[in-house]
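**Student:** Would you be able to build a 3D model of this:
(one chain, ligands or ions: 1)
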Amino acid sequence: MSSNSSLGSLSLTRIPAADEALRSEVRAFLAEATRDMPAHIRARSWGGYNGEFSHKLGAKGWLGVTLPKEYGGGGRSAFTRYVLVEEFLNFGAPVGSHWIADRQSAPLILKYGTEAQKQFYIPKVCKGEAFFCIGMSEPNSGSDLASVRTKAVPNEKGFLLNGQKIWTTNAHHCQYMIALVRTSGTSEDRHKGLSQVIVDLSLPGVTVRPIQDLSGDSHFCEVFFENVQLGSDALIGAEGQGWEQVTAELAFERSGPERLFSSIVLFDQWLDYVRTPQGRSPSAQQLAGRVLTELAPLRAMSVSVQEKLTRGESPIVEAALVKELGTTLEQFIPAAIAEDLFSRDAEDVPVELLMTLKYVTEASPSFSLRGGTRDILRGMIARGLGLR
Ligand SMILES: Cc1cc2nc3c(=O)[nH]c(=O)nc-3n(C[C@H](O)[C@H](O)[C@H](O)COP(=O)(O)OP(=O)(O)OC[C@H]3O[C@@H](n4cnc5c(N)ncnc54)[C@H](O)[C@@H]3O)c2cc1C
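**Tutor:** The predicted structure is shown next:
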């Protein structure tokens with residue numbers, strides 16, 4: 001690929017040795033922390049909510065590692081975070097409570113927030129004491145974020161918020177939402193007049209209703225705002241800049257290892273079975289090879305996107321590419337493992353492996369929806385290549 005093409009800058013890179021050095025300590029901690037958790041629970045990992053566990057990570061200095069020390073962060077690079085995140089996912093640690101705050105909300109506040117917002121929110125995120133959710137999606141808006149209708153109308157005290165968000169991950173557990181809202185104009189104005197506001201979810205007028213998904217879990221919610229009075233300090237960044245801010249934020253959401261590793265606990269557990277005499281078979285060995293040959297280059301691409309984020313760039317198209325390919329692999333893994341296991345004698349297959357397969361299979365349709373649907377990402381990649 002020529003260096004002046006849109007994606008040519010995605011050159012492969014290595015995680016620096018200083019960051020890799022953290023890996024053994026993290027592994028030792030996680031081996032102990034997840035020892036008694038069955039695989040079908042560990043498979044939930046970044047969907048798994050455990051505030052106490054996040055608090056422990058905060059105490060170890062493993063939250064907000066990329067954020068400046070003056071706000072309680074670790075002052076380290078995105079590669080340090082990559083090592084941590086990769087290990088959390090590999091072990092299936094329950095990291096869902098702090099995930100969004102650590103990945104998106106605190107970096108967003110650091111980039112666009114006022115000094116007072118930085119001082120108030122970021123140290124709490126780093127300690128695992130403040131959890132955030134993302135209020136972008138709305139009923140009848142979905143992928144078409146520019147058409148959001150939730151309104152924050154400026155008044156003498158700040159903003160009066162009315163509207164509804166949907167599919168808000170962990171809203172029922174979080175203290176704060178960063179919401180994309182309309183602060184001026186109408187939905188016909190599209191990208192203009194959108195802003196991001198921080199909503200304290202304990203305010204009067206906020207109603208949070210969990211939604212049950214296919215697997216029986218309730219991790220995302222509907223959130224209703226009825227005359228919620230926000231202070232003027234709720235606005236993040238400039239009024240009307242919401243679209244640009246959200247687009248940059250989505251690169252953080254789309255490029256991380258969680259877009260490759262959602263099925264990794266299942267894959268590892270299945271590999272353990274394939275290594276046993278009754279689990280070994282030529283077709284299973286071929287499948288293991290196929291998954292690894294796809295996973296390895298994808299991981300390398302995802303590390304490269306991190307490097308661009310480290311340099312303060314906003315690799316929007318590259319992140320879309322990694323997410324689209326990553327979620328395709330994440331969905332392939334449970335489907336292929338099901339095919340393998342169901343071709344065997346039922347009594348040979350461990351029950352716990354089947355339970356993990358059941359959960360991952362039920363969760364897998366969402367992999368290519370959450371964080372932006374497949375069709376939208378493909379459209380962005382096509383635009384990046386100058387094809388649209
Ligand atoms: C597990 C999970 C967690 C989520 N968590 C959050 C969260 O925390 N915060 C949040 O804000 N949202 C969250 N979402 C919402 C998610 O990001 C949206 O579901 C997604 O953006 C799509 O919106 P929609 O479901 O309304 O579908 P729609 O936008 O209505 O799309 C329906 C179908 O049409 C296709 N489509 C839509 N527009 C186009 C187009 N222009 N060109 C081609 N095809 C198109 C889509 O790809 C899709 O296949 C979550 C979703 C899931 C599944």
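**Student:** Leaving out the residues flanking it, which one is nearest to residue 152?
**Tutor:** The shortest distance from residue 152 to any non-neighbouring residue, by Cβ to Cβ, 6 or more residues apart in numbering, is to residue 159 (3.8 Å). Bear in mind the C-beta positions are built from the backbone N, C-alpha and C, glycine included.
**Student:** okay, now the one you found: neighbour count?
**Tutor:** When counting by other Cβ atoms under 10 Å, one arrives at 22 neighbours for residue 159.
**Student:** Which residues of this protein lie near the ligand?
**Tutor:** Counting by Cβ under 6 Å from any ligand atom, the residues of the chain close to the ligand are 133-137, 142-143, 167-169, 220, 366, 369-373, 375-376, 379.
**Student:** rerun at 5 Å
**Tutor:** Within reach of the ligand by Cβ under 5 Å from any ligand atom, the chain has these residues: 134, 136-137, 142-143, 167-169, 220, 366, 369-370, 373, 375.
**Student:** Report the central residue of the protein.
**Tutor:** Nearest to the geometric centre of the chain sits residue 253, at 5.0 Å (Cα atoms, centre = their mean).
**Student:** Return the residues in contact with that one.
**Tutor:** Taking Cβ atoms under 8 Å, 6 or more residues apart in numbering, we find residue 253 in contact with 103, 104, 134, 371, 372.
**Student:** right, and the first one touches residue 254 too?
**Tutor:** No. The criterion here is Cβ atoms under 8 Å, and residue 103 misses it with residue 254 at 10.5 Å.
**Student:** Keeping just the C-alphas, turn stretch 95-106 into PDB.
**Tutor:** What follows is stretch 95-106, C-alpha atoms only, in PDB (Å, rounded to 0.1, in the frame of the first residue of the first chain):
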ATOM      1  CA  VAL A  95     -13.800  -5.100  33.900                       C
ATOM      2  CA  GLY A  96     -17.100  -3.800  32.600                       C
ATOM      3  CA  SER A  97     -17.700  -1.300  35.400                       C
ATOM      4  CA  HIS A  98     -14.700   1.000  34.700                       C
ATOM      5  CA  TRP A  99     -14.200   0.000  31.100                       C
ATOM      6  CA  ILE A 100     -15.900   3.000  29.400                       C
ATOM      7  CA  ALA A 101     -14.600   5.600  31.900                       C
ATOM      8  CA  ASP A 102     -11.100   4.400  31.500                       C
ATOM      9  CA  ARG A 103     -11.200   4.000  27.700                       C
ATOM     10  CA  GLN A 104     -13.200   6.900  26.600                       C
ATOM     11  CA  SER A 105     -14.800   9.200  29.100                       C
ATOM     12  CA  ALA A 106     -11.700  10.300  31.000                       C
END
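**Student:** What average pLDDT does it get?
**Tutor:** Mean pLDDT, stretch 95-106: 94.
**Student:** ok, residue 103 and residue 254, which is more surrounded?
**Tutor:** residue 254 (26 against 23).
**Student:** Relative to the ligand, how far out is the more buried one?
**Tutor:** 11 Å (Cβ to the nearest ligand atom, to the nearest Å).
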